[in-house]
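Colleague: sharing a model prediction with you, sequence too.
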Amino acid sequence: MAGILQGLSYFIRTFGCQMNENDSERIAGLLEAEGASKADLIERSDLVIVNTCAVRAKAEEKLYSFLGRLAKQTRGRDTLVGVVGCVAQVQKAALWEKKRLVHFILGPGHYDLIPEIVRDKRRERILVTSQSRLWREWPAGRVLHSNPWSAFITIMEGCDNFCSYCVVPFARGREKFRPGRMILDEIRELARRGVREVQLLGQNVNSYRDPETGGTFPGLLEAVAALDGIEWIRFLTSHPRTFATDLALTMARNRKVCRQLHLPVQSGSDAVLERMQRGYGRREYLDKVRILRDLMPEISLSADIIVGFPGETEAEFEDTLRLLEEVRFANIFSFRYSPRPFAAAAREPDGVPLDVKRQRLVAVQSLQKAVQIDTHRSFLGRTLTVLCQGRSKKGAGSFAGRSEGNQVVNFSSEAEPEGPFVRVRVTSCGPYSLRGERSGPDPAGPIST
Ligand code: SF4
């Protein structure tokens, strides 16, 4: 049966995190289920959807420059343009007033309206940004996962933490949890189709509570680990304040849960963490790292770091450098502080000059680069299990994947890998990736690295 969007071509541009990527996969799934098809160029599309991120000022700036280019690319064409996601939620008035080329603006949680808006309201501008505390499920099976072997699965959305620098509770609303049976049904179906790795997503997965049974996140993790076919499980994001020992024990007990964790510390200074309203101190964070490493010595940890938070002194910044030296993260995502709308810290005087923020960011990144080179050298000569992500841009016989520790692994292989997992012997490395060659027969499933 033909769908309501038969013949329509669409283009989606995604800014931001894995959650936004997953939302875009869902939007693509909804559109294609109604007969639309993906266009390779904006100039060839009838519908352009911009999925936006409001977490950093830079992502928001990128949206506005994208819309500026889009106005030129669509001039003289009858292209329908929608802006969805976090900027749509928090900047709706400005977008509505200033960007006449935008036909519809939808906050998170309203994307299932897109097919009907596109079908019925081509001439009318639409704005829907109401927020709810209830989970709104997507139509079953309508997610277009971009990787055949790995899939993002959203398990909760929103945040109740209100860290003083963050816009997310205003953009994504309060916490909403997806029923566990729907999560497990989706994963079962994906496993049946060949997916071997799932990444459970939410702003703070630790606070997950099944709205039907009251089940907790460790319980959900155990249930996912019990599903046939799923070999690797990751999850993102864990707030350090609510990362409890029972979750670390659940990880350690289940070998399918990857020995990898993103635990965003943000700062190494107690005073800054307090001003950020993070709810933990440096010692508490380091204690959690120690517990994780005692239970899983090979675990690979990553974090977010913000430099130049309002009032950050040189001594407070030094505390962050010392923490990076002490923990030796496998990877970090580091940013200069920028005030965000609605966030409490945006009402404080910034106090740290831009050039100081820039210098601090360079210092953090240089230190981390040295740590990563050193860590990567320890992999030389080892053979790792790698989940293949496909061909790399480096030419024939070059492929890319990720190790269990989430390191990027580029490797050479005479033949295209047939299954998801390959074994790769690491022969060289840089600060941001490992390189190697395919080695021996492919494993049926992951082997401990
Ligand atoms: S935990 Fe803090 S930083 Fe993370 S989404 Fe919530 S408010 Fe933002």
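Modeller: Okay, I see it.

Colleague: show me the chain divided up by domain.
Modeller: 9-128, 150-377, 383-438 (automatic domain parsing).

Colleague: those: which one's closest to the ligand?
Modeller: domain 150-377 (3.1 Å; CB to the nearest ligand atom). For glycine as for every other residue, the C-beta is placed from the backbone atoms N, C-alpha and C.

Colleague: the closest one: end-to-end distance?
Modeller: 27 Å (CA to CA, to the nearest Å).

Colleague: can you check stretch 185-200 too?
Modeller: 14 Å.

Colleague: what do you get for stretch 31-46?
Modeller: 12 Å.

Colleague: what parts of the stretch 151-300 of the chain come near the ligand?
Modeller: 159, 161, 162, 163, 166, 168, 169, 203, 204, 239 (CB under 6 Å from any ligand atom).

Colleague: show me the helices in the stretch 51-200 of the chain, by range?
Modeller: 57-73, 86-90, 92-98, 114-120, 168-171, 180-192 (DSSP state H, counting those that start in this stretch).

Colleague: nearest to residue 301, of the ones you listed?
Modeller: Distance to residue 301, taken as CB to CB, is lowest for helix 168-171 among the helices of the stretch 51-200 of the chain, at 22.0 Å.

Colleague: checking my notes, residue 426 in a helix, right?
Modeller: No: read with DSSP: H, G, I helix; E, B strand; the rest coil, residue 426 is strand and lies in no helix.

Colleague: going forward, begin numbering at 698 instead of 1
Modeller: Okay, using 698 as the starting number, the last item reads as residue 1123.

Colleague: any chance of the helices of the stretch 748-897 of the chain in a markdown table with mean pLDDT as columns?
Modeller: Formatted as a markdown table, these follow (pLDDT from 0 to 100):
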| stretch | mean pLDDT |
| --- | --- |
| helix 754-770 | 90 |
| helix 783-787 | 89 |
| helix 789-795 | 84 |
| helix 811-817 | 88 |
| helix 865-868 | 91 |
| helix 877-889 | 95 |
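
Colleague: can you redo these as CSV with mean neighbour count?
Modeller: Formatted as CSV, the helices of the stretch 748-897 of the chain follow (neighbours: other CB atoms under 10 Å):
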stretch, mean neighbour count
helix 754-770, 15
helix 783-787, 26
helix 789-795, 13
helix 811-817, 18
helix 865-868, 22
helix 877-889, 17
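
Colleague: possible to save those helices as CSV with distance to residue 1072?
Modeller: Converted to CSV, these look like this (distance: least, CB to CB, whole Å):
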stretch, distance to residue 1072
helix 754-770, 28
helix 783-787, 33
helix 789-795, 43
helix 811-817, 43
helix 865-868, 30
helix 877-889, 31
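
Colleague: quick revisit: out of the domains of the chain, nearest to residue 840?
Modeller: domain 706-825 (4.4 Å).

Colleague: which SSE is residue 1003 in?
Modeller: strand 997-1004 (DSSP states H and E).

Colleague: now that strand: average pLDDT?
Modeller: The average pLDDT for strand 997-1004 rounds to 98.

Colleague: which parts of the next helix or strand after it are buried?
Modeller: Sequence order places helix 1011-1024 as the next helix or strand after strand 997-1004, per DSSP H and E. Using 16 or more other CB atoms under 10 Å as the test for burial, helix 1011-1024 gives 1013, 1014, 1016, 1017, 1018, 1020, 1021, 1024.
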